[in-house]
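> Take this sequence and fold it.
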Amino acid sequence: MKTVITTEKIPIKLWLNEIEPGALRQSKNLANLPFAYKHLAIMPDTHEGYGMPIGGVLATKGVVIPNAVGVDIGCGMCAVKTSLTGVSKPELVKIVDLIKEMIPVGFKHHKKAQNENLMPAGFETVGMHIVKAQFDSALHQLGTLGGGNHFIEIQKGDDDKIWIMIHSGSRNIGLKVAEYYNKTAVKLNEMYFSQVEKSKELAFLPIQTDEAHKYFAEMKYCVEFAFANRQLMMNRVIQCFLEVIPSSLSFDPVINIAHNYARWENHFSQDVIVHRKGATSARLGEIGIIPGSQGTKSYIVEGLGNPESFTSCSHGAGRKMGRKQAIRELNLGEQIKSMEAQGILHGIAAAKDLDEAPGAYKDIDTVMENQADLVKILVGLKPLAVIKG
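Model prediction:
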């Protein structure tokens, strides 16, 4: 932990030296909520979000806040270690081309519905009306990457192994659930004259209400769908590897961790609802994934179970520039040159791609240093090839 702000209703504990004004304002809003518990934890990759800063960890008593989870419910990471110790450039190019054929990116979906058996069970549950309405659409989105900061990377670990890493979420089904229940929370808060100002974008659902129970059920489904989405993509990336390098190739079990969700946990002897928005669980011994940018290392980590962060850590490097700012200010040639000097197959070809350039992100090494009390590094992973949405 780097510093503590004690001017608000509860302390704000920060794992970074400088926090941008917008994220600080949002952190103070959270710290003054009447149901906020113990303290607020701000991870080293934090930047301004919608209502709650991305990289924030908030525990509450008696309420759940849809905007403290976010619109991409269940978004997260998965990684697989292969038995390969190297891959040639021609092999890498073939694998990347096959992946692009098999996995739609951006706004693209599969033309045919995917196998319904790959979907999480329970969508027929009474009350899951948003999931039900989106189910057929989700069957076409299962096994698709999405856009923004989502990616598929092939990496070389400092354990001398080739790794596969995927970052993706719950696609449109998570967005629809998030939007519906935030609007529901806004209406309820207005009806009952909530003391939480609407302008703070932190409308809440009291946990004893039917609306909160339904949100929890549909949120959980979206978290499971996001994992199923990553699993299907990972299986197809593995198929691409086997098609190009078929001989004596094996793959370790998948590591998976989400970074947008809320769940019941016990902290400081109290059962509370912990909201992680762009933050990951880092319980003692828990294996996690912290990605950098497409031009820097990512890390496989082990949680240290630090209670001060509600046993959490960062979900990545974190943005230091907004998307429009990055496109406006970064130099296209310099960003391309930096990655090509490292031999990385990348997707930056035009100014519009600069929103996901390495220069738009914080220094991952500083981020990792700032959370040395939250996780320990197990493996560092250098990007070899990157597929972006």
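
> what ranges of the stretch 101-250 of the chain fall below the confidence cut-off?
Along the stretch 101-250 of the chain, the parts satisfying pLDDT under 70 run over 126.

> just so I have it, where are all the helices in the chain?
Along the chain, the stretches classed as helices by DSSP state H are 21-31, 89-102, 129-141, 171-191, 210-244, 323-329, 332-341, 364-370.

> Go through the fifth one and flag the buried ones.
By that I understand helix 210-244. 211-212, 214-234, 236-238, 240-241, 244 (16 or more other Cβ atoms under 10 Å). In this view, the C-beta of every residue, glycine as well, is placed from N, C-alpha and C.

> circling back to that earlier point, so can I have JSON lines of the helices of the chain showing distance to Val69?
Listed next are those as JSON lines, based on distance: least, Cβ to Cβ, whole Å:
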{"stretch": "helix 21-31", "distance to Val69": "13"}
{"stretch": "helix 89-102", "distance to Val69": "30"}
{"stretch": "helix 129-141", "distance to Val69": "14"}
{"stretch": "helix 171-191", "distance to Val69": "7"}
{"stretch": "helix 210-244", "distance to Val69": "7"}
{"stretch": "helix 323-329", "distance to Val69": "21"}
{"stretch": "helix 332-341", "distance to Val69": "32"}
{"stretch": "helix 364-370", "distance to Val69": "22"}
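
> Pro66 is nearest to which of the ones you listed?
Smallest distance to Pro66 across the helices of the chain (Cβ to Cβ): 4.2 Å, for helix 171-191.

> relative orientation of that closest one and helix 210-244 in degrees?
Counting by axes from the mean of the first three to the mean of the last three Cα atoms, to 10 degrees, helix 171-191 lies at 160 degrees to helix 210-244.

> still on that earlier bit, nearest to Leu202, out of the helices of the chain?
Among those, helix 21-31 comes nearest to Leu202, with 6.4 Å by Cβ to Cβ.

> what mean pLDDT does the closest one have?
Confidence for helix 21-31, expressed as mean pLDDT, is 97.

> How about residues contacting that helix?
5, 7-12, 19, 36, 39-40, 42, 46-49, 51-53, 55-56, 58, 68, 200, 202 (Cβ atoms under 8 Å, 6 or more residues apart in numbering).

> Show me how far it is from its chain's centre.
Distance, stretch centre to chain centre, for helix 21-31: 20 Å (Cα atoms, centre = their mean, to the nearest Å).

> tell me which residues in it are buried?
Those would be 23-24, 26-31, for helix 21-31 by 16+ other Cβ under 10 Å.

> Widest-spaced pair of those?
Going by Cβ to Cβ, the pair spanning the buried residues of helix 21-31 furthest: Ala23 and Ala31, at 12.4 Å.

> what would the buried residues of helix 21-31 look like in TSV with distance to Ala79?
Putting those into TSV (distance: Cβ to Cβ, whole Å) gives the following:
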residue	distance to Ala79
Ala23	28
Leu24	32
Gln26	30
Ser27	30
Lys28	35
Asn29	34
Leu30	30
Ala31	34
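
> Among these, which one lies nearest to Lys100?
Nearest member of the buried residues of helix 21-31 to Lys100, counting by Cβ to Cβ, is Ala23, at 35.0 Å.

> Distance check, the closest one against Leu16.
Taking Cβ to Cβ, to the nearest Å as the measure, Ala23 falls 10 Å from Leu16.

> quick one: common contacting residues for those two?
With Cβ under 8 Å, 6+ apart as the test, Ala23 and Leu16 both reach 42, 46.

> In terms of secondary structure, what does the longest strand along the chain contact?
For the chain, the longest strand by residue count, based on DSSP state E, is strand 375-388. Identification of packing neighbours for strand 375-388 by 3 or more Cβ pairs under 8 Å, 6 or more residues apart in numbering; DSSP states H and E yields helix 89-102, strand 151-157, strand 162-168, strand 287-290, strand 298-303.

> Trp264: which of these is closest?
Using Cβ to Cβ, those put strand 298-303 closest to Trp264, at 18.4 Å.

> Note down every partner strand of that closest one and its orientation.
strand 287-290 (antiparallel), strand 375-388 (antiparallel) (DSSP bridges).

> Run the chain-centre distance for the last one.
By that I understand strand 375-388. Using Cα atoms, centre = their mean, the offset of strand 375-388 from its chain centre is 15 Å.

> burial of Ala133, as a residue count?
13 (other Cβ atoms under 10 Å).

> residues contacting the nearest residue to it once chain neighbours are set aside?
Leaving out its chain neighbours, the residue that sits closest to Ala133 by Cβ to Cβ, 6 or more residues apart in numbering is Lys176, at 7.5 Å. Taking Cβ under 8 Å, 6+ apart as the contact definition, Lys176 lies against 130, 133-134.

> Among these, which one sits closest to Asp159?
Nearest to Asp159 among the contacts of Lys176, with distances taken as Cβ to Cβ, is Gln134, at 39.9 Å.

> Distance of the closest one relative to Leu142?
12 Å.

> What of Thr184?
Counting by Cβ to Cβ - Thr184 and Leu142 are separated by 26 Å.

> neighbour-wise, which of those two wins?
Each of Thr184 and Leu142 has its neighbours counted (other Cβ under 10 Å); Leu142 has more, 22 against 18.

> Lovely, talk soon.
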